[in-house]
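Enquirer: What would the 3D arrangement of this be:
(one chain, ligands or ions: 2)
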Amino acid sequence: MEIFTYMESYDYEQLVFCQDKNSGLKAIIAIHDTTLGPALGGTRMWTYDSEADAIEDALRLAKGMTYKNAAAGLNLGGGKTVIIGDPKKDKNPELFRAFGRYIQSLNGRYITAEDVGTTVQDMDLIHMETDFVTGISPEFGSSGNPSPVTAYGVYKGIKAAAMEAYGNDSLEGKTVAVQGVGNVAYTMCEYLHEEGAKLIVTDINKEAVQRAVDAFGAEAVGPDDIYAVDCDIYAPCALGATINDDTIPQLKAKVIAGSANNQLKSTEHGDIIHEKGIVYAPDYVINSGGVINVADELNGYNQHRAMKKVETIYDSLTRVFEISRRDNVPTYVAADRMAEERIKSVSTSRSQFLLNGHHTLSRR
Ligand SMILES: NC(=O)C1=CN([C@@H]2O[C@H](COP(=O)(O)OP(=O)(O)OC[C@H]3O[C@@H](n4cnc5c(N)ncnc54)[C@H](O)[C@@H]3O)[C@@H](O)[C@H]2O)C=CC1
Ligand SMILES: CC(C)CC(=O)C(=O)O
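Expert: Numbers count the residues shown, from 1 in each chain. Ligands and ions are numbered 1, 2, ... in the order given. Take a look at the predicted model:
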């Protein structure tokens with residue numbers, strides 16, 4: 001990959017490589033765009049096949065955060081970190097503290113939180129070295145694990161998508177196929193089960209599947225069988241790119257709505273599902289509950305205020321579906337337009353110089 005060519009074509013601001021031999025830290029912080037404010041986005045720890053794969057993941061996820069934060073109405077830009085390593089084997093306190101010092105060196109341009117492979121305890125270690133971390137333990141007056149709040153937002157988003165597809169947002173009697181029953185999806189399944197939805201689940205982790213079978217009477221299927229099951233809603237809640245050439249022909253669902261980031265393998269797949277009449281809830285709109293929740297910490301965390309804002313995901317998606325119908329464009333295009341309009345309007349109104357101007361971090 002020609003890194004500068006790639007950064008130039010998608011307008012990335014900064015890529016930071018962090019290395020610490022003693023702890024084994026190898027991390028990549030990608031900052032996509034800070035027009036709206038400091039870049040907020042989680043830290044993912046994952047075993048990548050190559051360094052190029054890790055860089056690409058960091059870049060793609062960071063750009064997704066710019067759009068997610070803009071569409072959610074937050075005064076925050078987009079960034080993301082990937083730490084190369086196995087979260088089950090390679091973690092140690094020094095690694096997260098070394099990483100925290102790198103974040104501190106960016107002086108507020110980047111703020112982190114949890115993502116796949118990292119936990120509240122990891123954020124607490126980072127917090128020993130920097131204030132630019134959210135999702136730390138509630139003992140510090142913080143919001144803790146964002147996953148349950150992300151789940152609530154995804155549940156509200158599934159209802160908005162059901163309204164668009166079926167003219168009714170009740171999920172009672174609807175069948176939802178859930179791919180990956182991890183932190184977010186387990187809580188999401190609680191909401192769906194409570195409302196009377198039937199669940200079909202899969203996961204590469206057998207214990208996660210059994211937990212959902214025991215708790216919700218879910219039907220279990222193998223990881224490759226989830227796409228073709230008879231269902232009303234397909235909820236991708238594992239990793240990205242599961243909407244692709246192989247899976248689209250298998251899908252029977254009229255709605256795709258789940259928590260995973262970067263669900264479309266490429267934009268072309270967003271076009272294909274649009275032509276097939278499938279209602280797709282754009283990933284970064286439906287899964288913004290977690291970032292809305294951790295962003296509230298920047299104002300002094302108030303759970304009630306955060307949950308009220310998370311509920312607006314229903315309205316944001318309704319707006320996306322309206323734009324999609326009005327302009328006859330796929331929903332991913334409609335969501336991008338919504339986010340880009342906000343970034344553009346702020347960038348054109350920020351022309352005056354202000355020494356020590358007010359911004360999101362001023363209240364910290
Ligand atoms: N945790 C949060 O607040 C947020 C999470 N997300 C996204 O939602 C997704 C899920 O996040 P979490 O629940 O936090 O992660 P998690 O790691 O707790 O859960 C993911 C689950 O997917 C399973 N999985 C992985 N590959 C699979 C495959 N090929 N087939 C079936 N299952 C598979 C894993 O075993 C795991 O149980 C990720 O894409 C994440 O980026 C997005 C916004 C916020
Ligand atoms: C809690 C969020 C900051 C996690 C994140 O990076 C995301 O929303 O993808």
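
Enquirer: What separation do you get for Glu275 and ligand 1?
Expert: Look at Glu275 and ligand 1: by Cβ to the nearest ligand atom, to the nearest Å, they are 25 Å apart. C-beta coordinates here come from the backbone N, C-alpha and C atoms, glycine included.

Enquirer: quick one: the helices in the protein?
Expert: 3-9, 51-71, 93-105, 120-127, 147-166, 183-194, 206-216, 267-275, 283-286, 289-296, 303-311, 313-327, 331-349 (DSSP state H).

Enquirer: JSON lines for those, including mean neighbour count and mean pLDDT?
Expert: Formatted as JSON lines, these follow (neighbours: other Cβ atoms under 10 Å; pLDDT from 0 to 100):
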{"stretch": "helix 3-9", "mean neighbour count": "11", "mean pLDDT": "92"}
{"stretch": "helix 51-71", "mean neighbour count": "23", "mean pLDDT": "95"}
{"stretch": "helix 93-105", "mean neighbour count": "20", "mean pLDDT": "98"}
{"stretch": "helix 120-127", "mean neighbour count": "21", "mean pLDDT": "97"}
{"stretch": "helix 147-166", "mean neighbour count": "24", "mean pLDDT": "98"}
{"stretch": "helix 183-194", "mean neighbour count": "22", "mean pLDDT": "97"}
{"stretch": "helix 206-216", "mean neighbour count": "15", "mean pLDDT": "98"}
{"stretch": "helix 267-275", "mean neighbour count": "16", "mean pLDDT": "98"}
{"stretch": "helix 283-286", "mean neighbour count": "28", "mean pLDDT": "98"}
{"stretch": "helix 289-296", "mean neighbour count": "28", "mean pLDDT": "97"}
{"stretch": "helix 303-311", "mean neighbour count": "16", "mean pLDDT": "96"}
{"stretch": "helix 313-327", "mean neighbour count": "18", "mean pLDDT": "97"}
{"stretch": "helix 331-349", "mean neighbour count": "17", "mean pLDDT": "93"}
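
Enquirer: With Asp33 as the reference, name the closest of those.
Expert: Asp33 lies closest, by Cβ to Cβ, to one member of the helices of the chain: helix 51-71, at 4.4 Å.

Enquirer: hey, C-alpha coordinates of the closest one in PDB?
Expert: Listed next in PDB are the C-alpha coordinates belonging to helix 51-71 (Å, rounded to 0.1, in the frame of the first residue of the first chain):
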ATOM      1  CA  GLU A  51       1.200  -5.100   9.300                       C
ATOM      2  CA  ALA A  52      -0.400  -3.800   6.100                       C
ATOM      3  CA  ASP A  53      -3.700  -5.400   7.200                       C
ATOM      4  CA  ALA A  54      -3.400  -3.700  10.500                       C
ATOM      5  CA  ILE A  55      -2.800  -0.300   9.000                       C
ATOM      6  CA  GLU A  56      -5.700  -0.700   6.600                       C
ATOM      7  CA  ASP A  57      -8.000  -1.600   9.400                       C
ATOM      8  CA  ALA A  58      -6.900   1.400  11.500                       C
ATOM      9  CA  LEU A  59      -7.500   3.700   8.500                       C
ATOM     10  CA  ARG A  60     -10.900   2.300   7.500                       C
ATOM     11  CA  LEU A  61     -12.100   2.300  11.100                       C
ATOM     12  CA  ALA A  62     -10.900   5.900  11.800                       C
ATOM     13  CA  LYS A  63     -12.800   7.200   8.700                       C
ATOM     14  CA  GLY A  64     -15.900   5.400   9.900                       C
ATOM     15  CA  MET A  65     -15.500   7.200  13.300                       C
ATOM     16  CA  THR A  66     -15.500  10.600  11.500                       C
ATOM     17  CA  TYR A  67     -18.800   9.800   9.800                       C
ATOM     18  CA  LYS A  68     -20.200   8.100  13.000                       C
ATOM     19  CA  ASN A  69     -19.400  11.100  15.200                       C
ATOM     20  CA  ALA A  70     -20.700  13.600  12.600                       C
ATOM     21  CA  ALA A  71     -24.000  11.700  12.000                       C
END
